[in-house]
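A.B. asks: Below is the sequence, then the predicted model.
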Amino acid sequence: MLGSFIVLLLLTAIGTYARTAAVCLAVLAASFVYYGNRRLTSVVVVFVLAGFIYPFIDVGWLDRMSSINDDTESSAMGRVAVWKWVMDYVAIHPWGGSFDMYRINSYAMELSDGSVLRVARKAYHSVYFEVLGEGGFPGFVMFIAMIALTLVSFMNHRKTLAATGEVWLGDAGRYLLIATLVFLVGGAFIGIAFQSYFYYLVALSAAYANLGIKHAHT
């Protein structure tokens, strides 16, 4: 059942044709190998899954992924333009502009080929610039603090395992850490800062730390 679910998730990520999905899959694969208890087995699993999804990849998908390095592609560079606009905005309004302030953005940026890209009312396409633009520097600092505390909690999975002897706690910490890393990398290119998923991870990190303390004392 779990294996089928994983395969469906992979196919869904490929089927979106989203470059962010490809980046997230790469981070997931690298994290799975790095944090796996059996790295050789993890490498084999990654290659087997890659071989399984390869037949579903077409020329259109490859062309879409190859545009990642294109510094004249309007979609990607439009994001850069919005990010530059956010930096200019918070330099004047350090407390941010509150929710949906992207609706007032307007920015023109010259591309490497000499053309001028103009954006207006374009979404942030990044959790970091979303928080910075809407919450200003105070909100951004709080957001980074939550990220840091969440990472620290899950990165202590080896210490938690050693202190408690509970294998399931060690495994839970590793996989929640991987989930957090994938979100943080993927979130750099998608505006989902105020959706619930990240805050579930924050809450789980607090619960994880408490479970580690509880089981260490029993």
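C.D. replies: Happy to help now that I have it. Model, not experiment: these values are computed from the prediction. Numbers count the residues shown, from 1 in each chain.
A.B. asks: L181: what's it in contact with?
C.D. replies: With C-beta atoms under 8 Å, 6 or more residues apart in numbering as the criterion, the residues that contact L181 are 27, 31. Backbone N, C-alpha and C define where each C-beta goes, glycine included.
A.B. asks: give me the element it is part of.
C.D. replies: Assignment of secondary structure by DSSP states H and E places L181 within helix 167-186.
A.B. asks: Just after that helix, pick out the following helix or strand.
C.D. replies: Elements were assigned by DSSP H and E; along the chain past helix 167-186, the next helix or strand is helix 196-216.
A.B. asks: what comes into contact with that following helix?
C.D. replies: Outside of helix 196-216, the residues that reach it under the criterion C-beta under 8 Å, 6+ apart are 127, 146, 149-150, 153-154, 156, 159-160, 163-164, 166, 169, 172-173, 176, 179-180, 183, 187, 192.
A.B. asks: For the helix holding L181, list every residue counted as buried.
C.D. replies: Within helix 167-186, the residues that qualify as buried are 169-170, 172-174, 176-186, counting by 16 or more other C-beta atoms under 10 Å.
A.B. asks: what packs against the longest helix anywhere in the chain?
C.D. replies: Secondary structure assigned by DSSP state H gives helix 127-155 as the longest helix of the chain. Using 3 or more C-beta pairs under 8 Å, 6 or more residues apart in numbering; DSSP states H and E as the contact definition, the elements that helix 127-155 packs against are helix 74-92, helix 167-186, helix 196-216.
A.B. asks: Now do the same for the residue nearest to S106 when sequence neighbours are not counted: its pLDDT.
C.D. replies: Across the structure, with C-beta to C-beta, 6 or more residues apart in numbering as the measure, the residue nearest S106 apart from its sequence neighbours is A120 (4.6 Å). Per-residue confidence at A120 stands at 84 (pLDDT).
A.B. asks: quick one, phi psi at A120?
C.D. replies: phi -150, psi 140 (degrees, to the nearest 10).
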